[in-house]
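Trainee: Below are the sequence and a predicted model for it; my questions follow.
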Amino acid sequence: MSSRTPKLFVISGPSGAGKGTLVAQVRERLPHLGLAVSATTRAPRAGEIDGVTYHFLTDDEFTRRVDNGDFLEWAQVHDHRYGTLVSEVERNLDAGRSLILEIDVQGALAVKRRFPSAVLIFIEPPSLEILRERLVGRGSETEESLALRMADAEEELKVAGVYGARLVNDDLARATDELVETLTSYERC
Ligand code: ADP
Ligand code: 5GP
């Protein structure tokens, strides 16, 4: 029998901090962890797969799902809507699986209100300059969306203090080790 207690982990941090990259690395090391696939109204980037990276919805479909009560939480982030589907959380928790939600700070606070035992983890970039370099290097942003994400990053970093754990994603291998250690230590609680 497993000695692990299923946990709800919420991972936030500015766009480009490396949340997606870190979560992918961590899930290779901790394959028992589930990941909730969020819904969004933003367009897919090259290589993103509908139903795997996100559920990519039209504005009308997103509104219909909001009206239907399908979201545990949803928020306007940067210039689009993003939301956590109740079905994604239940699918994992019902199977007794710990689960990661990779969501923004507004969503994290909403989840914490609903699930007080949720563990909130904030991923920080080493600096705003490096954050900008990573966003540019990812090649995903227009000038306009880059400026918006950088402005939002400064606001998000101000909220980092409410998170139970904070981690700087400097060297990827080191940060992965630290996140694996953080997750496993919370799972032992
Ligand atoms: P987020 O999910 O937080 O928006 P990503 O995981 O997409 O961020 O990472 C943003 C960019 O930075 C990607 O191009 C990724 O390859 C790169 N990256 C992530 N972590 C590191 C790191 N530790 N060192 C250097 N580059 C990184
Ligand atoms: P991106 O467009 O770079 O994939 O994500 C932009 C932001 O949206 C990130 O901060 C990410 O954490 C957030 N996000 C992704 N999914 C959700 C969600 O379901 N709910 C909320 N509130 N934010 C989300």
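Mentor: Yep, that arrived. Ligands and ions are numbered 1, 2, ... in the order given.

Trainee: Give me the three-state assignment for residue 61.
Mentor: Going by DSSP: H, G, I helix; E, B strand; the rest coil, the secondary structure assigned to residue 61 is helix.

Trainee: Next, count neighbours for it.
Mentor: 13 (other C-beta atoms under 10 Å). The way it works is simple: take the backbone N, C-alpha and C, and place the C-beta from them, glycine included.

Trainee: And the pLDDT at it?
Mentor: Listed pLDDT for residue 61 reads 98.

Trainee: In terms of secondary structure, what does the helix or strand of the chain with the lowest mean pLDDT contact?
Mentor: When each helix and strand of the chain is scored by mean pLDDT, DSSP states H and E, helix 86-93 comes last, with a mean of 93. Helices and strands touching helix 86-93, by 3 or more C-beta pairs under 8 Å, 6 or more residues apart in numbering; DSSP states H and E, are strand 71-77, strand 99-102.

Trainee: ok, now with 10 Å
Mentor: For helix 86-93, the packing partners by 3 or more C-beta pairs under 10 Å, 6 or more residues apart in numbering; DSSP states H and E come out as strand 8-12, strand 34-35, strand 71-77, strand 99-102.

Trainee: Quick check: the residue of the protein nearest ligand 2.
Mentor: residue 107 (2.5 Å; C-beta to the nearest ligand atom).

Trainee: And the average pLDDT for stretch 34-48 is what?
Mentor: Mean predicted confidence for stretch 34-48 is 96.

Trainee: measure that stretch end to end?
Mentor: One end of stretch 34-48 to the other measures 18 Å (C-alpha to C-alpha, to the nearest Å).

Trainee: Can you confirm whether that stretch lies near ligand 1?
Mentor: No. Using C-beta under 6 Å from any ligand atom, stretch 34-48 never reaches ligand 1; the gap is at least 9.1 Å.
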